[in-house]
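Chemist: Okay, predicted coordinates and the sequence, questions at the end:
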Amino acid sequence: MATKQKGGFKFDLRTTPESDLYLDFMPARVRSGFVSGVEESMKVAEKTVKTSFGTPGKPKVKSGKLRDSIKTAFETGAIFTGFTLSSDEVYASIQEHGGKIRAKSGKYLTFQIGGSWVRVPSVTIPARPYLNPAVMENLKKFKDIITDSVIKELD
């Protein structure tokens, strides 16, 4: 599930109580292979996101701060609980979803374009999704990675 967060944006996947129960009954080696496969899958998603920057329809690279801020986190308890693919940059969400930016103090936003200063009351930023597509385009690859990881753990 993709969610906005204060000062950033994240894509979360969490297990449900029903799937936790199912995972709890898996043999330890199967569960270990599953967890390893999901961790490896998230590294693939992170790499996909970072290499997509600057391509058509994705965020442009000016300073590289947004691209460099992309991180994955994998959370486990007694059993797998979820992963997060996220950025903590304040403009991460507006890049993913698009939207309107309005002046907070004063009537105008002031910025430079090609050497000329511009003053406008608001700017509309087009959506340039980068996190969600990286996960969605790799779903088959994730399945293969997780399957291979479980098989490797059982060998």
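Modeler: Yep, it's here. Numbering: from 1, shown residues only.
Chemist: Can you tell me how far Asp88 is from Lys71?
Modeler: Using C-beta to C-beta, to the nearest Å, one gets 8 Å for the distance from Asp88 to Lys71. Where you see a C-beta, it was placed from the backbone N, CA and C, and this is true even at glycine.
Chemist: Gly99 too?
Modeler: For Gly99, the distance to Lys71 equals 23 Å [C-beta to C-beta].
Chemist: can you pull out the strands in the protein?
Modeler: For the chain, the strands defined by DSSP state E cover 2-5, 8-14, 71-76, 80-87, 99-102, 109-113, 116-120, 122-125.
Chemist: From the contact counts, what lies against the third one?
Modeler: Secondary structure elements in contact with strand 71-76, counted by 3 or more C-beta pairs under 8 Å, 6 or more residues apart in numbering; DSSP states H and E, are helix 28-52, strand 80-87.
Chemist: list the helices and strands the last one packs on?
Modeler: Other helices and strands packing on strand 80-87, by 3+ C-beta pairs under 8 Å, 6+ apart, are strand 8-14, helix 17-24, helix 28-52, strand 71-76, helix 131-136.
Chemist: what's the last one packed up against?
Modeler: The elements that helix 131-136 packs onto, with contact taken as 3+ C-beta pairs under 8 Å, 6+ apart, are strand 8-14, helix 28-52, strand 80-87.
Chemist: tally of neighbours for Pro126?
Modeler: For Pro126, the neighbour count with other C-beta atoms under 10 Å is 10.
Chemist: Ile70 and Ser87: what is the separation?
Modeler: Applying C-beta to C-beta, one obtains 5 Å for the distance of Ile70 from Ser87.
Chemist: do the same with Pro133
Modeler: In this structure, Pro133 and Ser87 are 14 Å apart, going by C-beta to C-beta.
Chemist: of the two, who's got more company?
Modeler: Per other C-beta under 10 Å, whichever of Pro133 and Ser87 has more neighbours is Ser87, with 27 against 17.
Chemist: these two touch, right, that one and Ser69?
Modeler: Yes - checked against C-beta atoms under 8 Å, the pair Ser87 and Ser69 is within contact range at 4.4 Å.
Chemist: confidence score at the nearest residue to Thr147 once chain neighbours are set aside?
Modeler: The shortest distance from Thr147 to any residue other than its chain neighbours is 7.3 Å, reached at Gly37 (C-beta to C-beta, 6 or more residues apart in numbering). Here, the pLDDT recorded for Gly37 equals 89.
Chemist: So what's the residue count around Gly37?
Modeler: 22.
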